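Asks: Sequence first, predicted coordinates after that:
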Amino acid sequence: MGGLARGTHRYRGGCVPPYQFPHTNKGCIQAERTLQMLGALPCGKPLPRLWRLGGLLKKEKMVAAAQERLERSKKNLQEHLGTGKVKWFRRHLGAWGDRHFRDFPWRRTKDPYAIFVAEFLLQQTNAAKVAPIYQTFVARYPTLGDLAAVPVEEVVSLLQPLGLFGRAERLRRSAQIVLEKYGGKFPRTEAELLELPGVGPYIARSVCAHAYGQPLAVLDTNVARILERFFGLEGGRVKWRSSLLWEAALAAAPKKQVGVWNLALLDFGAAVCTAKNPGCAECPLRSQCDWAAQQIRTPCP
């Protein structure tokens, strides 16, 4: 009476038949991996318990939908690359950037150290909030040696209003590494910069483009939002890992003055193509924007 059916497994919430047991269901594991790859499920997080216990059909539908969106995005991008839409986008956004360039102190220098500091401080932080702290920072620590020599607690105290306290230690440690490994000369390549603590593709490419004039496009959440909306793409949850969005970013960037182009994208994302309540009415890209056309066809309630 109290026995289990043959092949049935126990778990904390009761019993499930063998065809629903999550730890032996290869399809469930594969579904998780596929969803994580497509950006539909954060890496390292399992599917919810209800899905693991019998919701295989729902998982399969979600995988299929994510795959369909990815394929549709690839098709959209390839179609746009074969037309003049990319050039149109580059021309009109560049013209907007020339008229609406935001003036910040780190944009007036080619010093790689100063630009590196600015990019560190700007992580997940509003530029207007960063500006006064940046000026205090570079005045107090004008060189790599000055920053490397101070106690980390002093740097943490200065950056405290910006939050994200771990960046103070990483910034100071990066200065020490540049002094030790490169003799105080700031690295000039993306690969070398990526070896520094806390440095990802965005910071590395920004420094190379703005300090050294290298033709390296950037991709962050704001740039991704513009590309996704205008070209009708979907890059998944982790934007900077999306090969599709990187392809779009590289195709859209001009061959010269890429640093200026990168700044135009950032300014446009902050002023017009915002995450919430975008200014579509005054957007110079509206006539060719896939997202704007979709809003016209199916307006939000």
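Replies: In hand now; what should we look at?

Asks: Verify the stated contact: Glu282 with Thr274.
Replies: No. Counting by CB atoms under 8 Å, Glu282 does not reach Thr274; the two are 12.0 Å apart. For every residue, glycine as well, the C-beta is placed using N, CA and C.

Asks: So for these two, which residue has more residues nearby?
Replies: Set Glu282 next to Thr274 and count neighbours by other CB atoms under 10 Å: Thr274 wins out with 13 against 9.

Asks: list the contacts for that one?
Replies: By CB atoms under 8 Å, 6 or more residues apart in numbering, Thr274 lies in contact with nothing.

Asks: quick check, it in a strand?
Replies: No. Counting by DSSP: H, G, I helix; E, B strand; the rest coil, one finds Thr274 to be coil, located in no strand.

Asks: Now it: phi and psi?
Replies: Main-chain dihedrals, Thr274, degrees, to the nearest 10: phi -80, psi 160.

Asks: mind checking how far it is from His80?
Replies: From Thr274 across to His80, the span is 23 Å (CB to CB, to the nearest Å).

Asks: Centre of the chain to stretch 80-100, how far?
Replies: Here stretch 80-100 shows a centroid-to-chain-centroid distance of 21 Å under the convention CA atoms, centre = their mean, to the nearest Å.

Asks: List the buried residues for that stretch?
Replies: Of the residues in stretch 80-100, those buried under the neighbour-count criterion (16 or more other CB atoms under 10 Å) are His80, Lys85, Val86, Phe89, Arg90, His92, Leu93, Trp96, Gly97.

Asks: Can you add pLDDT and secondary structure and give the residues you listed back as a markdown table?
Replies: Below are those laid out as a markdown table (pLDDT from 0 to 100; DSSP: H, G, I helix; E, B strand; the rest coil):
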| residue | pLDDT | secondary structure |
| --- | --- | --- |
| His80 | 70 | helix |
| Lys85 | 91 | helix |
| Val86 | 92 | helix |
| Phe89 | 96 | helix |
| Arg90 | 95 | helix |
| His92 | 97 | helix |
| Leu93 | 97 | helix |
| Trp96 | 98 | helix |
| Gly97 | 97 | helix |
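
Asks: ok, so of those residues, who is nearest Glu234?
Replies: His80 (14.1 Å; CB to CB).

Asks: show me the contacts for the closest one.
Replies: Shown in contact with His80 (CB under 8 Å, 6+ apart): Val86, Phe231.

Asks: circling back: determine which two of the buried residues of stretch 80-100 are furthest apart.
Replies: His80 and Gly97 (20.2 Å).

Asks: In terms of secondary structure, what does the helix or strand harbouring Asp267 contact?
Replies: Assessed by DSSP states H and E, Asp267 sits inside helix 258-271. Counting contacts by 3 or more CB pairs under 8 Å, 6 or more residues apart in numbering; DSSP states H and E, helix 258-271 packs against helix 85-99, helix 201-212, helix 221-231.

Asks: so where is the protein shaky, pLDDT-wise?
Replies: Within the chain, the ranges that satisfy pLDDT under 70 run 1-70, 82, 297-301.
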